[in-house]
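the sequence and its predicted three-dimensional model are supplied below.
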Amino acid sequence: MKTAGLAPPTPPSMIRWGCGICWGMAGGAHVESEAIAMGIPVIASDIAGNRGLLGENYPAYFPVGDQAALAKLLAQAEFDQEFYQSLCDAISAQHHITLPELEQASIQKLLEGFAPDAKTPSSGSVAH
């Protein structure tokens, strides 16, 4: 099973169902990142972390704790092919954030913020 970064393996149920649910639990970012990397849409609670990964205009947010809204989105994803495709398209548009090159560049930028002359092992020598 393909995984991105150090995240735990994607639950087989998410692959089988063709959709994941992220409701703000600890580790939800790993689930979302795996889903994005694999092109699997998610239904997500409307919290800042989910918006940060999925984008402000992602079409499947539900209010935290609102089980009726969650159920409605799940039914819509199952029975409305156009809606499901919009989720697939939105996830696909975020795929770039899971690329190892972006992670490496982000780490390099972070290190440069602490030590402007620092280099990661893959990009050159490490400053002492």
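Received the coordinates, thanks.

alpha carbons only for contacts and neighbour counts from here, please
OK.

list the buried residues of the helix or strand containing residue 82.
Using DSSP states H and E, residue 82 maps to helix 81-94. Using 16 or more other C-alpha atoms under 10 Å as the burial criterion, the residues of helix 81-94 that qualify are 83, 84, 86, 87, 88, 90, 91, 92, 94.

how near is the nearest residue to the third one once chain neighbours are set aside to residue 114?
Leaving out its chain neighbours, the residue that sits closest to residue 86 by C-alpha to C-alpha, 6 or more residues apart in numbering is residue 59, at 7.4 Å. When C-alpha to C-alpha, to the nearest Å is applied, the distance between residue 59 and residue 114 equals 37 Å.

of these two, who's got more company?
residue 59 (17 against 9; other C-alpha atoms under 10 Å).

for that one, what are its contacts?
For residue 59, the contacting residues are 86, 87, 90, taking C-alpha atoms under 8 Å, 6 or more residues apart in numbering as the criterion.

if we can go back for a sec, part of a helix, is the residue nearest to residue 86?
No. Note on residue 59: no helix contains this position according to DSSP: H, G, I helix; E, B strand; the rest coil, which reports coil.

can you give me the neighbour number for residue 41?
The number of residues packed around residue 41, counting by other C-alpha under 10 Å, is 27.

actually residue 40, not the one I typed
Other residues lying near residue 40 total 21 when counted by other C-alpha under 10 Å.

same thing with residue 115?
Look at residue 115: counted by other C-alpha under 10 Å, it has 12 neighbours.

low-confidence ranges in the protein?
Low-confidence segments of the chain (pLDDT under 70): 1-28, 116-128.

the helices in it, which residues?
Ranges of helices in the chain, per DSSP state H, are 12-17, 28-38, 48-54, 67-79, 81-94, 100-114.

return the most buried member of those.
helix 28-38 (a mean of 21; mean count of other C-alpha atoms under 10 Å).
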